[in-house]
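J.: prediction below, plus the sequence it came from.
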Amino acid sequence: MDRISTYVSRKSGSFPSLMARKSEVYLPVTTKPQPKFRVKALLGHCLYRRVVIWTVVIIVLLSITLFNPRLTARSRDVFDLVHGSKSGTKETPHVPENIGLQKQDGDEDRIQDVAEETKSDDELKEQEEEEEKEEKEKAKGPHWLRYKHLDGYYNGLRALVPFSEYRPEYPKTSPTDAASEPSPTIQFSQPPKPSVYRSHPDYDSDEYRDTYVPVKRCYIDEDNKVPAPDLYAYSGVPQGQPKPALGSYDLLGLREDVCFDRFGRYGPYGLGYDLELGGTGEALDTEHESSETVWEKTGKINYDNVDWASAQDRCYKANEGRFFTGNETRDFELAQAGRRRMDRIAIVVRIYVGFQWTSHALLNFRAMINELSLTSGGEYDVHFLLHVRDNNAPIWADPTTVQNILDDNVPPEFQGLCTLWSEAQMKLYYPGNFGDTFENPSNGDIHGVYRSAHMPLQHFAMMHPEYAHFWNWEMDMRWTGSYYELFDRLGKWGAKQSRQGMWERSSKYYIPGLHGNWENFTELVDHETHASGKRPILGPVVFTGKAGLEEGEIFLPSNCASGSDMTQCGVGEDADLITLNPLFDADESGWVFAGDVTGYDKQYQKPPRRCAIVTASRLSRRLLRVMHEETWRLHHSMFSEMFPPSMALHHGLKAVYAPHPVYLDRDWPQEEIENAFNGGRDHTSGGHGSPFDLTNEHNHKGTSWYYNSEFAGLLWRRWLGYAQMDGRGDNGGRAGEGTKRGGRKEEENPKKSGRLCLRSMLVHPIKWENPAEQE
């Protein structure tokens with residue numbers, strides 16, 4: 001979500017100047033007013049005095065310019081004269097022109113002697129001072145600018161090695177690793193061949209059929225002639241590719257021994273072939289050696305007349321007997337009879353009128369529907385929650401208005417998956433006076449999408465009792481692997497987690513290179529919690545002014561009863577909330593919207609709050625019911641990213657942060673990652689020192705997952721086969737600087753390692769993909 005730039009009106013005081021800093025590349029920057037340079041005070045009021053002073057100054061400047069050998073020997077580049085030592089490169093000593101270019105024995109020593117003779121002691125001292133000044137200039141910027149960029153991400157398919165032989169460029173596991181840094185040795189003269197990648201259970205196995213209701217195959221077309229396609233992956237990883245700095249594959253049950261290129265990932269959905277064949281026409285201008293493998297079994301599928309809503313509905317109806325219904329009485333009966341049934345899950349993607357449906361957006365959503373719904377036998381459904389900005393449009397009353405909006409804003413293949421909503425509709429659904437707000441830095445309306453994006457999701461959940469869980473998703477997120485693997489493994493991992501120490505573990509980034517395995521991390525968190533003197537949170541929290549729910553707050557499972565082994569409390573219980581960033585304590589965190597709390601009695605302190613930046617998360621039906629009641633009956637609300645976690649905290653629901661793999665673009669020391677990302681209160685990500693503080697968010701710019709990341713888009717577009725500015729340059733480099741690298745010419749070069757192959761990872765935000773979109 002674009003967090004700040006969409007707002008024009010601001011509160012009074014210093015807030016506007018702080019908000020303006022959000023668009024700057026590097027933070028922190030000084031906000032202290034600079035003293036004005038008063039010329040009159042320097043020169044006085046006497047005309048003769050001013051004439052004499054200016055004359056002397058001009059003579060001195062001309063003398064320095066004409067007679068200083070260091071200046072006359074320099075390049076006459078204008079930027080060199082303006083910036084001086086800020087270029088970040090050491091100056092080359094002046095060598096007299098009469099020294100020959102052909103070096104004889106001893107010439108190098110003579111050249112060095114002559115060069116050094118030209119430098120006086122004063123000049124050497126001046127150079128040292130300039131270098132010291134340069135170091136101080138660098139120190140003013142973010143600390144991560146001093147870390148070396150990592151190159152292993154851009155090693156391609158011809159550098160692929162078996163996972164047992166893989167050696168990451170980062171992190172180094174021991175000090176000796178630096179001496180034996182892996183090089184992207186080319187292993188193949190041409191790209192290896194990918195194979196079908198399936199992350200679903202083996203639906204045809206006897207074990208599965210004996211346990212669950214059998215799965216019937218699903219098709220894209222109404223004639224059942226085009227089965228749901230498979231995606232393709234490569235066994236192994238390009239040598240030297242870095243490991244994630246935050247989170248873990250193995251912990252969540254994700255495979256890290258395979259990688260995906262753009263054709264294996266998106267080729268089955270229309271990447272790499274013409275519009276005339278039913279494709280997208282994308283990637284025809286990129287390197288594509290051996291890409292034909294992905295179409296050998298299915299051919300190039302024509303997507304021209306596909307209706308995804310119809311395909312999804314047919315798939316569910318063919319497998320309806322596999323699932324619970326959402327009716328508690330009927331589901332109780334199904335649970336007692338025969339083979340096991342499953343809950344269904346909705347993926348709710350938030351879009352808006354005016355959203356740009358690029359070819360890559362089509363590919364992403366086709367992949368999502370196919371991998372989550374069709375190849376799973378209807379376990380998931382994908383929906384689009386379309387925000388209609390015209391509050392006068394009668395979207396709940398006039399089908400013609402709805403169809404016109406769909407025709408203008410959504411491709412035909414996705415129209416049947418859309419549910420329309422507007423802020424005017426939310427005012428009707430959640431009427432009444434919401435009372436006072438502690439702080440409203442955005443000056444937005446309480447029913448507005450920016451402050452209350454949860455309202456339409458709550459309404460959607462109340463209209464769809466057939467789903468047990470709802471993934472709240474954004475349109476500018478991408479996943480390089482199988483969507484089913486991502487959502488299935490996160491859900492299973494969440495169910496395995498104990499409620500004991502749950503909130504404390506979820507408040508902290510997991511750094512495997514520093515924390516070790518998950519057991520070590522759990523012990524560390526327990527120790528830090530004990531040292532803080534605070535009691536671990538278990539069950540609903542009590543605070544002044546809290547109002548209860550109509551049906552009470554009995555959300556703890558039976559294995560949390562008094563006398564039970566509390567390490568097993570909640571184990572086996574589906575998580576009510578799964579987030580993809582830590583659940584941090586918003587109080588005193590410096591996060592801009594920490595005080596956006598509405599409807600609570602302002603004579604008391606703000607209620608306790610938890611928050612997870614980026615709204616992408618899985619919410620259970622019962623959590624959404626709690627949020628719905630808090631909204632309609634109690635008129636409570638908080639900022640979009642804070643309301644679901646805070647409701648789970650208040651009422652004792654199960655909430656976990658799933659530490660998925662997140663990459664860094666530079667060679668960060670492990671301790672510095674801890675200091676930057678867990679530098680808040682009691683070594684967490686919350687409270688004072690939080691990485692979500694306005695002045696600390698710059699640390700996320702080099703990550704693969706955060707709303708202000710610069711690295712995510714760069715890496716994603718390189719993976720798609722487009723040349724990008726590499727972000728390298730003077731003073732540490734920045735986005736859009738450096739040298740253009742990658743692209744077709746480099747990937748086709750036999751001396752290079754070919755097109756990129758990445759392990760499954762989440763990247764966000766992806767604001768554009770094909771460089772042509774920027775023209």
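T.: Yes, it's here.
J.: so which residues of the stretch 451-600 of the chain form helices?
T.: Under the criterion DSSP state H, counting those that start in this stretch, helices of the stretch 451-600 of the chain are mapped to 454-463, 483-496, 502-506, 512-515, 518-532.
J.: next, count neighbours for Ile463.
T.: To be clear, residue 463 is Met; Ile isn't right here. By other Cβ atoms under 10 Å, 8 other residues sit near Met463. (Each C-beta comes from the backbone N, C-alpha and C, glycine too.)
J.: can you check Leu61 too?
T.: 10.
J.: surely it is in a strand?
T.: No: assigned with DSSP: H, G, I helix; E, B strand; the rest coil, Leu61 falls outside any strand and is helix.
J.: what's the most buried one of the helices of the stretch 451-600 of the chain?
T.: The highest average neighbour count among those, using mean count of other Cβ atoms under 10 Å, belongs to helix 502-506 at a mean of 23.
J.: other residues contacting that helix?
T.: Here helix 502-506 makes contact (Cβ atoms under 8 Å, 6 or more residues apart in numbering) with 521-522, 525-526, 528-529, 536-537, 570, 579, 582-583, 610, 649, 654-657, 684.
J.: Asn305: neighbour count?
T.: Neighbours around Asn305, by other Cβ under 10 Å: 10.
J.: need phi/psi at it.
T.: phi -110, psi 20 (degrees, to the nearest 10).
J.: next one, pLDDT for it please.
T.: pLDDT for Asn305: 95.
J.: so how far is Asp210 from it?
T.: Relative to Asp210, Asn305 is positioned 39 Å away (Cβ to Cβ, to the nearest Å).
J.: next one: Ile537
T.: 41 Å.
J.: who has more neighbours, these two?
T.: Using other Cβ under 10 Å as the criterion, Ile537 and Asp210 rank with Ile537 on top: 20 against 9.
J.: hmm, Phe323 is touching Gly377, no?
T.: No: using Cβ atoms under 8 Å, Phe323 is not in contact with Gly377; the gap is 9.4 Å.
J.: what about these two, which has more around it?
T.: Taking other Cβ under 10 Å, Phe323 and Gly377 do not tie; Gly377 has more neighbours (25 against 21).
J.: in which helix or strand would I find that one?
T.: Assigned by DSSP states H and E, Gly377 belongs to neither a helix nor a strand.
J.: can you check Leu362 too?
T.: helix 359-369.
J.: now the angle from that helix to helix 483-496?
T.: Orientation of helix 359-369 against helix 483-496 (axes from the mean of the first three to the mean of the last three Cα atoms, to 10 degrees) gives an angle of 50 degrees.
J.: who are the packing partners of helix 359-369?
T.: Applying 3 or more Cβ pairs under 8 Å, 6 or more residues apart in numbering; DSSP states H and E, we find helix 359-369 packed against helix 262-266, helix 308-318, strand 345-352, strand 380-387.
J.: mind listing residues that contact that helix?
T.: 231, 265-266, 268-271, 280-282, 303, 308, 311-312, 347, 349, 382, 411, 413-414, 417, 475, 478, 483, 720, 769-770.
J.: kindly recompute the last result at 7 Å.
T.: Applying Cβ atoms under 7 Å, 6 or more residues apart in numbering, the set of residues contacting helix 359-369 from outside is 266, 269-271, 280-282, 303, 308, 312, 347, 382, 411, 414, 478, 483, 769-770.
J.: likewise stretch 657-668?
T.: Applying Cβ under 7 Å, 6+ apart, the external contacts of stretch 657-668 come out as 144, 147-150, 170, 242, 244-249, 251-252, 490, 493-494, 506, 510, 578-583, 612, 702-705, 711, 761-762.
J.: just the buried subset of the residues you listed, written out for PyMOL, thanks.
T.: Filtering the contacts of stretch 657-668 down to the buried ones (16 or more other Cβ atoms under 10 Å) takes a single PyMOL command:
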select buried, resi 144+147+149+150+170+242+244+245+246+247+248+249+251+252+490+493+494+506+510+578+579+580+581+582+583+612+702+703+704+705+711+761+762
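J.: out of the contacts of stretch 657-668, which are inside strands?
T.: Among the contacts of stretch 657-668, DSSP state E puts Ile578, Thr579, Leu762 in strands.
J.: against Glu519, how distant is the second one?
T.: Using Cβ to Cβ, one gets 22 Å for the distance from Thr579 to Glu519.
J.: then the last one?
T.: Taking Cβ to Cβ as the measure, Leu762 falls 25 Å from Glu519.
J.: then Pro412?
T.: For Pro412 relative to Glu519 (Cβ to Cβ), the value is 52 Å.
J.: where in the protein is the helix or strand with the lowest mean pLDDT?
T.: Least confident helix or strand of the chain, by mean pLDDT, DSSP states H and E, is helix 78-83 with a mean of 29.
J.: flag the shaky bits of the protein, pLDDT-wise.
T.: Low-confidence segments of the chain (pLDDT under 70): 1-52, 63-122, 130-140, 173-185.
J.: rerun at 80
T.: Applying pLDDT under 80 to the chain picks out residues 1-140, 173-190, 553, 729-735, 775.
J.: pick the most deeply packed of the helices and strands packed on helix 359-369.
T.: Of all the helices and strands packed on helix 359-369, helix 262-266 carries the top mean neighbour count, a mean of 26, counting by mean count of other Cβ under 10 Å.
J.: residues contacting it, please?
T.: 194, 231-233, 271-272, 283, 288, 291, 294, 363, 367, 480, 719-721, 755.
J.: then stretch 765-775?
T.: So stretch 765-775 is contacted by 282, 358, 360, 476, 478, 707, 709, 712-713, 716-717, 720, 722 (Cβ under 7 Å, 6+ apart).
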